[in-house]
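S.K.: Fold the following and give me the result.
(one chain, ligands or ions: 1)
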Amino acid sequence: MNKNIAVIRGDGIGPEIVNEALAVLDTVGDIYGHTFNYTDVDMGGCAIDKWGEPLPDEMLEKCKNSDSVLLGAVGGKKWDTVPGHMRPEKGLLKLRAGMGVYSNNRPAKIWPQLADASPLRPSIVEQGIDFIIVRELIGGIYFGEHKTTEVNGEKQANDDMCYSESEIERIGRIGFETARKRGKKLCSVEKSNVLDTSRLWKSVMHRLAEEYPDVELSDMLVDNCAMQIVKNPAQFDVIVTENMFGDILSDEASMITGSIGMIPSSSLGSSTCGLYEPIHGSAPDIAGMDIANPIGTILSAAMMLRFSFDMSAEADAIEKAVYDVLEQGYRTADIMPGDEARCKKVGCHEMGQLIIKSLRGTKQ
Ligand code: NAD
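M.R.: Residues are numbered from 1 along each chain as shown. Modelled structure (predicted):
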């Protein structure tokens, strides 16, 4: 197969981790007889420096014309003081909206080799952590009107949160369909004791539930959900929630699995052209030091093969290669346990190379 991938390296550790993921994709292409063509796209701080805006329209077009997009991360201190509409993260919001990817899918799964990297008590981890957060991605407060005005001599800021029934319904369906393919349990998370958007959310979810009698639907307030994720994560199979709640809960969920550097994500809309990225940011504190964990990006590339290119065997092979390398004791700094004797610390590039060797079936 021949696939065209738009590649956004972005800022900070973005270029380092994306390069490793592309090397893994090239190896998969070599082994399975596919050709992956890459088109570079500037987005984020680097695009502000080069083009004066975080995502020029021509760059968005390149993404929309591709078979899928692989993204590292954007942002950094250098651009923290630019006006709101010019911030690197605005490029990301424009990309998500422009591609129409309304469903963000983030797995929270603990790798058995990294169980001791979880900050949770072993007795909780032993129950198992394996759930998915389906987050609405292009609506809600992040896409509402933002304004700062002066009222009675002081500044006042407003952020508008809005959801229509159809926006809730399309993400709700993804939640039910995802649960149907897994443990058939869907937890809808909202704040219906306070917010009108949440009351509408809840009523749409219950209407949809009638079409999915095989899926058990439960409701949970977002503050309770934040507690339950650390208290009893094993209770969850699929969580469906709106944009901002999903943003916060999925970072919390990633942390209990060990490291933010391990978690991939996919964002899809109504076509197979998806956006694939690790869930972490550009980690400016470790950029350029070759110590970032590239696994979240490599697993994002695996998700691209599985969900956008229908290449399940290839995706399985990448996931198995990651499993094997962890099993052999190789760790980047973020997942290195205190007991260093059991494991060998490696850098970003070496981790990529080890995964490639494992893919090729070479014994390290
Ligand atoms: P971050 O995720 O970049 O970093 C948080 C912590 O995790 C840091 O200590 C970092 O070193 C570590 N970390 C992150 N990824 C890692 C990896 N692959 N390997 C090892 N350690 C890793 O979050 P932040 O510090 O809050 O944000 C930094 C910048 O990234 C900001 O400009 C923020 O706006 C941006 N950001 C971008 C995205 C995105 O591009 N999707 C997402 C979140 C934050």
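S.K.: how about the residues of the stretch 1-150 of the chain near the ligand?
M.R.: For the stretch 1-150 of the chain, the contact set with the ligand under C-beta under 6 Å from any ligand atom comprises Ile13, Ile17, Ala73, Val74, Gly75, Gly76, Glu89, Leu92. Quick note: C-beta positions are derived from backbone N, CA and C, even for glycine.
S.K.: In helices only, show me these.
M.R.: Within those, membership in helices is found for Ile17, Glu89, Leu92, as judged by DSSP state H.
S.K.: so what pLDDT did the first one get?
M.R.: pLDDT for Ile17: 98.
S.K.: residues touching it, list them.
M.R.: Gly72, Ala73, Pro278, Ala292, Asn293, Pro294, Gly296, Thr297, Cys348 (C-beta atoms under 8 Å, 6 or more residues apart in numbering).
S.K.: my guess is the last one meets Ala292, correct?
M.R.: So the one you mean is Cys348. Yes: applying C-beta atoms under 8 Å as the test, Cys348 and Ala292 come out as touching, 4.7 Å apart.
S.K.: Find the residues that touch each one of the two.
M.R.: With contacts defined as C-beta under 8 Å, 6+ apart, the residues adjacent to both Cys348 and Ala292 are Ile13, Glu16, Ile17, Thr332.
S.K.: hmm, back to that, which two of the contacts of Ile17 have the greatest separation?
M.R.: Comparing every pair within the contacts of Ile17 by C-beta to C-beta identifies Ala73 and Cys348 as the most remote, at 13.2 Å.
S.K.: With neighbour numbers in mind, choose between the two.
M.R.: Neighbours of Ala73 and Cys348, each counted by other C-beta atoms under 10 Å, are more numerous for Ala73; the result is 30 against 24.
S.K.: Tell me how far the more buried one lies from Met43.
M.R.: With the distance defined as C-beta to C-beta, to the nearest Å, Ala73 ends up 10 Å from Met43.
S.K.: same check, this time on Ser164
M.R.: Spatial separation of Ser164 from Met43 under the definition C-beta to C-beta is 28 Å.
S.K.: With neighbour numbers in mind, choose between those two.
M.R.: Under the neighbour definition other C-beta under 10 Å, Ser164 and Met43 were set side by side, and Met43 has more, 31 against 12.
S.K.: where do the helices sit along this protein?
M.R.: When assigned using DSSP H, the helices of the chain occupy the ranges 14-32, 45-51, 57-64, 88-99, 122-125, 165-180, 196-209, 222-231, 243-256, 295-307, 312-327, 348-359.
S.K.: now, of those helices, which is deepest in the fold?
M.R.: Between the helices of the chain, helix 295-307 has the highest mean count of neighbours, a mean of 25, where neighbours are mean count of other C-beta atoms under 10 Å.
S.K.: need the contact list for the closest residue to the ligand within the stretch 201-350 of the chain.
M.R.: Among the residues of the stretch 201-350 of the chain, Gly281 lies closest to the ligand, at 2.5 Å counting by C-beta to the nearest ligand atom. When contacts are counted by C-beta under 8 Å, 6+ apart, Gly281 is found next to Gly12, Ala73, Val74, Gly75.
S.K.: Between the residues you listed, which sits nearest Ser66?
M.R.: When these are compared for distance to Ser66 (C-beta to C-beta), Val74 comes out closest, at 17.7 Å.
S.K.: hang on, isn't that closest one packed against Lys94?
M.R.: No: Val74 is not in contact with Lys94 according to C-beta under 8 Å; the separation is 11.3 Å.
S.K.: Tell me the residues that contact both of those two, please.
M.R.: Here Val74 and Lys94 share the contacting residues Pro54, scored by C-beta under 8 Å, 6+ apart.
S.K.: Can you pull up the most central residue in the chain?
M.R.: For the chain, the residue sitting closest to the mean C-alpha position, by C-alpha atoms, centre = their mean, is Ser265 at 3.0 Å.
S.K.: If anything else comes up later, I'll come back, but that's it for now.
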